[in-house]
Structure formats: structure tokens, C-alpha cells
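need a structure here:
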Amino acid sequence: MDNVTVVQHPLVQHKLSIMRDKNTSTASFRRLLREISLLLCYEVTRDLELTAVSIETPMEEMQAPVLKGKKLVFASILRAGNGLLEGMLDLVPSARVAHVGLYRDHETLEAIEYYYKAPGDLSDRLVIAVDPMLATANSATAAIEKLKQSGAKDIRFLCLLAAPEGIENFRKRLPDVPIYTAAIDSHLNEKGYIVPGLGDAGDRMYGTK
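Residues are numbered from 1 along each chain as shown. Model (predicted):
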């Protein structure tokens, strides 16, 4: 699919399989989500620009590569996005953080916003929006459209699982935003859940129903 990257790394796929298992405990699910987010973050940031700065090693002075430009922004789509966010901050602790609070109306499946807080200077930063599931894509697209209204121009979306219907909806509404995911599953069921999926990521993270 155009502008969609599926991360096929064996460790990603192995950890995802354990997370899918309904018998995996809340503690294990949360730990695995944090671990897998490190690997996914590695992929979504693979092409970041570098510049050279002068440093001194114990041996001599050298021109060393460092990230170019302003710090990244990770935008967590609450609440499940925080599971990916924590691991990504382990890898990039200097990143700024935005939070977009949305919940899905179980009748219409539309996203309803209840909270938004973001750094004030998004226009010249790479913004990576994160949510474990891209199901209908209504929440993801609403969150990214909100980030765009706040000035974000360079945006990527990172998720754990995606449904074909969600990708299609996302591509129609946000053709300029690349998607990174660990797997594209079969379909959505009548309640808008990904099949075979792994259930509700937020509920499995926090032990709620």
C-alpha cells in the first residue's frame, strides 16, 4: 500500500504474537508494548537528518554526526497511545510530547475530543503521532487534523496494528501522512474492532474492560 511501511523485524513480529495471545497478562502486555515501541521508533526515525559537530574523544578531535534540527514531538493519542509513548521516550528522551484525548462513540464509531495539549512550535518539528490500533482511523485522523490545525506540517503515524479499512480511510483523508505499523490484519468486525487483532489495547494495558 502506498505510503505504508510494515515493520517485519523478527523481534517485532515475535513480541506482537505474544501480545495477541488472550492469555498474556496485563503486566506482560504492558512490558511487551514498551519493548516493541522501541523497535518501531527505530524504524519510524530511520531517515532523520544528521549534521556534524566537533567533539573531542579521548583520542582526538573529530566531526561527529548528531541529529539535525529541532527536537522531535511524540503525539500520544490517549489513552492507549501512552503505551507506545513510554518506550519511544526511552529511546528519544529529549523529545517533546503532545497529548490528544479522544474516545470512540460506540454507536457511530466517530472520535470525540476531550483533551488537547501540545508544544507551541510544531511547524518546524517532525511530529510522530502514536496509537496502538488503526481500526476505523477516525481517532487517528481526528488527532492528526488537530495537530495540523496547531501548525504541524511534517507528521508520521505509528501504530501496532492496522486494518485495511482503516488504512483506506486514513489515506483518503491524510494522503500526505505516512503510516508505520507492525502488521496489517484481515478486517474490522461489526463493532469496529480489528480481526484477528489483540482486543482493546487500552483495556489490555490497564486491566480495564
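
Show me which strand runs longest in the protein.
In the chain, with assignment by DSSP state E, the single longest strand is strand 96-104.

For it, what does the pLDDT average out to?
Mean per-residue pLDDT for strand 96-104: 89.

Convert stretch 103-122 to CSV, retaining C-alpha atoms only.
Taking Å, rounded to 0.1, in the frame of the first residue of the first chain, the C-alpha atoms of stretch 103-122 are listed here in CSV:
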residue,chain,number,x,y,z
TYR,A,103,-12.7,8.4,22.7
ARG,A,104,-14.8,6.5,20.2
ASP,A,105,-18.5,6.7,20.3
HIS,A,106,-19.6,3.0,20.3
GLU,A,107,-22.7,3.7,18.3
THR,A,108,-21.3,6.0,15.5
LEU,A,109,-17.6,4.9,15.8
GLU,A,110,-16.7,8.6,15.5
ALA,A,111,-13.9,10.2,17.5
ILE,A,112,-14.9,12.7,20.2
GLU,A,113,-12.2,15.0,21.6
TYR,A,114,-12.0,15.6,25.3
TYR,A,115,-8.4,16.9,25.8
TYR,A,116,-5.6,18.5,23.8
LYS,A,117,-2.2,19.8,24.9
ALA,A,118,0.8,20.3,22.6
PRO,A,119,4.1,22.2,22.3
GLY,A,120,3.6,25.6,20.8
ASP,A,121,6.0,25.4,17.9
LEU,A,122,5.0,22.3,15.8
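
Any buried residues in it, and which?
Buried residues in stretch 103-122, counting neighbours by 16 or more other CB atoms under 10 Å, are found at 104, 111, 116, 118-119, 122. From N, CA and C alone the C-beta is placed, and that goes for glycine too.

now for those, which pair is the farthest apart?
Using CB to CB, the two most remote members of the buried residues of stretch 103-122 are Arg104 and Pro119, lying 25.8 Å apart.

Give the bridge partners for the residue nearest in space to the middle of the chain, please.
In the chain, the residue lying closest to the centroid (CA atoms, centre = their mean) is Val130, at 2.4 Å. Beta bridges link Val130 to Ser76, Leu158, judged by DSSP bridges.

which stretches of the protein form strands?
Assigned by DSSP E, the chain shows strands spanning 4-6, 50-56, 61-67, 73-78, 96-104, 111-117, 126-130, 133-134, 154-158, 161-162, 179-181, 183-184, 187-188, 194-195.

export these to a markdown table and tack on distance to Phe29?
Formatted as a markdown table, the strands of the chain follow (distance: least, CB to CB, whole Å):
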| stretch | distance to Phe29 |
| --- | --- |
| strand 4-6 | 21 |
| strand 50-56 | 35 |
| strand 61-67 | 31 |
| strand 73-78 | 17 |
| strand 96-104 | 20 |
| strand 111-117 | 24 |
| strand 126-130 | 16 |
| strand 133-134 | 13 |
| strand 154-158 | 18 |
| strand 161-162 | 13 |
| strand 179-181 | 18 |
| strand 183-184 | 16 |
| strand 187-188 | 21 |
| strand 194-195 | 16 |
